[in-house]
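Participant: next input, structure requested:
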Amino acid sequence: MAKLRKKYTLKALLNYTKLAKSTYYDALKKLSRGDKYKGLKTLIHNICNKNHGRYGYRRVTMQLHKQGIKINHKVVMRLMKEENLTCKVRKYKSYRGQEGKIAKNILNRNFKAEKPNEKWATDVTEFALCNEKIYLSPIIDLYNGEIISYKISKRPILKQVLDMVEDATRKIKETKGIILHSDQGWQYQNKKYQKLLKEKGIIQSMSRKGNCLDNAVIENFFGLLKSELFYLKKFKSVEDFIKELKSYIKYYNTKRIKIKLKGLSPVEYRTKSQLVA
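Facilitator: Numbering: from 1, shown residues only. Sure thing, here's the model as predicted:
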């Protein structure tokens, strides 16, 4: 408006923009005072760039607090929006509304399992690289965090999830009574998926709508996978990434030790528990 005032009267500009005169002068005063958040914006940019756009406003706020800068998270959120510094990490969302039958939340955040193949969890995550997208659909055993089966696809299709379940039931012969927990994604609402679980004697459980904490174990696995593989390495191609992804899952199951598993890998822990039993 300041530039246009050379051509038009203030009254004409205010009438056209439907802006109150007091609001216009208030904005001018703020501009004359300068940007009081200029230094803070620079720090926020540095934090976001250093972490390759993986941080949202909550973690940026925490980093600022660590540097001794006491600032409200709402201010950080507003400044990040103004600077277009949104988190680049995105979770694949398969929820499209209710398309089928929603199962009860039988698991109800009780992630502790007393034995192998008592409680399973599943979800789909997305990787974007080389101008393509890759989707990983695994089943994790809540007893020891072992990946029972998984399927990789270039599209989020129903067959991927069905093949994953079929693969799991070929490995684990006795599946009757196993609880398989997921979110309310369209794949898990599908009649074919629900029919397959019923045929295998698997009990379906679903998270509440929009509540990722109800499926925290597999969410944690995805976070670990991305921080230890996807964000750490550069991949020549999608095929190179898929190869590394398969290698990581094998390493995770058989070699990567966990403190809560008494320094054993998921497979080692399961094997030892079965020998004791």
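
Participant: contacts, neighbours, all on C-alpha from now
Facilitator: Noted.

Participant: thought Ile107 was touching Ser205?
Facilitator: For residue 107 the amino acid is Leu, not Ile. Yes: Leu107 is within contact range of Ser205, at 6.3 Å (criterion: CA atoms under 8 Å).

Participant: anything in contact with each of the two?
Facilitator: Contact criterion CA atoms under 8 Å, 6 or more residues apart in numbering; residues shared by Leu107 and Ser205: Ile179, His181.

Participant: how's this protein carved up into domains?
Facilitator: Domains of the chain are assigned by automatic domain parsing as 4-82, 119-276.

Participant: can you tell me which of these is most buried?
Facilitator: Counting by mean count of other CA atoms under 10 Å, domain 119-276 has the highest mean neighbour count of the domains of the chain, with a mean of 17.

Participant: and the next helix or strand past the biggest strand by length in the chain?
Facilitator: Using DSSP state E to define each element, the chain has its longest strand at strand 132-141. Where DSSP states H and E defines the elements, the next helix or strand beyond strand 132-141 is strand 147-153.

Participant: which residues touch that next one?
Facilitator: 134-141, 160-161, 163-165, 167-168, 242, 249, 253.

Participant: before we move on, the earlier item: which other helices and strands does the longest strand of the chain contact?
Facilitator: strand 119-122, strand 125-129, strand 147-153, helix 158-171 (3 or more CA pairs under 8 Å, 6 or more residues apart in numbering; DSSP states H and E).

Participant: poorly predicted segments of the stretch 101-250 of the chain, please.
Facilitator: Within the stretch 101-250 of the chain, not a single segment meets pLDDT under 70.

Participant: ok, 90 please
Facilitator: Along the stretch 101-250 of the chain, segments meeting pLDDT under 90 span 101-103, 130-131, 173, 208-214, 224, 227-228, 231-234.

Participant: any idea how far stretch 38-52 is from the chain center?
Facilitator: 23 Å (CA atoms, centre = their mean, to the nearest Å).

Participant: sorry, wrong one. I was asking about stretch 174-183.
Facilitator: Chain-centre distance of stretch 174-183: 22 Å, with CA atoms, centre = their mean.

Participant: what's the end-to-end length of that stretch?
Facilitator: End-to-end distance for stretch 174-183: 24 Å, by CA to CA, to the nearest Å.

Participant: contact partners of that stretch?
Facilitator: 105, 107, 117-123, 169, 188, 200-209, 212, 215.

Participant: again with stretch 110-119
Facilitator: 141-144, 172, 175, 177-181, 217, 270.

Participant: apply 7 Å and report the result again.
Facilitator: Asp141, Leu142, Tyr143, Ile178, Ile179, Leu180, Arg270 (CA atoms under 7 Å, 6 or more residues apart in numbering).

Participant: and the fifth one, how close does it get to Lys226?
Facilitator: Meaning Ile179. 26 Å.

Participant: check the third one too.
Facilitator: Shown here: Tyr143 relative to Lys226, a distance of 22 Å by CA to CA.

Participant: am I right that Lys260 is in a helix?
Facilitator: Yes: per DSSP: H, G, I helix; E, B strand; the rest coil, Lys260 lies within a helix segment.

Participant: now do the contacts for it.
Facilitator: Neighbours of Lys260 in contact, by CA under 7 Å, 6+ apart: none.

Participant: let's see it at 10 Å
Facilitator: When contacts are counted by CA atoms under 10 Å, 6 or more residues apart in numbering, Lys260 touches Asn144.

Participant: tell me the pLDDT at it?
Facilitator: Note on Lys260: pLDDT of 90.

Participant: and it, how close does it get to Leu229?
Facilitator: In terms of CA to CA, Lys260 sits 21 Å off from Leu229.
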